[in-house]
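Visitor: Dropping the sequence and predicted coords here.
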Amino acid sequence: MENKEINNTQKNTGVNTIIIILLIIVVLVGAYFIFFRNSANVKLDLNAISNSITTTGKFDEMAMMDITKDVATSIYNIPESDIEEIYGKMPMMNVQASTYLMIKAVDGKAGEVKQKLEEYGNKYQEQWETYLPAQLELVKNRIIVQKGNYVYMIIAENATELEKLIK
């Protein structure tokens, strides 16, 4: 009789282990779909967002230049091959720090693009530390975010408000 009880206990333990393993698999698959699939499916109209930021942030009232792939490569050190689409404005002269940049990165490159923008932000902050304290505060409060394949950086007085335009 003891052998039957031991066999039943072993069977119950085996069944419980299988149930726990199946639950873990279900949780992991669910987490993948919630966190990773949704971020990869992000679709943004960068042209429309750029127009809104330019107007709302008053970038059209400042002496600004467009940020192109060439500019992204030379200033931000982002390889042109990592950029699928790019929009942004930066000052023509260093009398103001306000800048915004939105990049749709090539699949798998968004993390690297974000890192390049963070490196640039740190250098940009060092540049402004000895020049115009009000502009330094803008740079210190910069926003750099990755959403799926999109990465953006905003340096502006109303950066938080401008970020709300990016949906």
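Guide: In hand now; what should we look at? Numbering: from 1, shown residues only.
Visitor: where does Glu112 land in three-state SS?
Guide: helix (DSSP: H, G, I helix; E, B strand; the rest coil).
Visitor: Would you confirm that it contacts Asn77?
Guide: No - Glu112 is not in contact with Asn77 according to C-beta atoms under 8 Å; the separation is 10.5 Å. For every residue, glycine as well, the C-beta is placed using N, CA and C.
Visitor: May I ask you to name the longest strand in this protein?
Guide: strand 83-91 (DSSP state E).
Visitor: what about the helix or strand that comes right after that strand, average pLDDT?
Guide: Stepping forward along the backbone from strand 83-91, the first helix or strand reached (DSSP states H and E) is strand 99-105. Strand 99-105 comes out with an average pLDDT of 97.
Visitor: and strand 99-105, which strands flank it?
Guide: Next to strand 99-105 in the sheet, as set by DSSP bridges, lie strand 83-91 (antiparallel), strand 150-155 (antiparallel).
Visitor: CA atoms only for that strand, dumped as PDB, please.
Guide: The C-alpha trace of strand 99-105 is given here as PDB (Å, rounded to 0.1, in the frame of the first residue of the first chain):
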ATOM      1  CA  THR A  99      16.700  71.200 -31.200                       C
ATOM      2  CA  TYR A 100      14.400  68.400 -32.100                       C
ATOM      3  CA  LEU A 101      15.200  65.300 -34.000                       C
ATOM      4  CA  MET A 102      13.000  62.300 -34.900                       C
ATOM      5  CA  ILE A 103      14.400  59.200 -36.500                       C
ATOM      6  CA  LYS A 104      12.800  56.000 -37.800                       C
ATOM      7  CA  ALA A 105      15.700  53.600 -37.400                       C
END
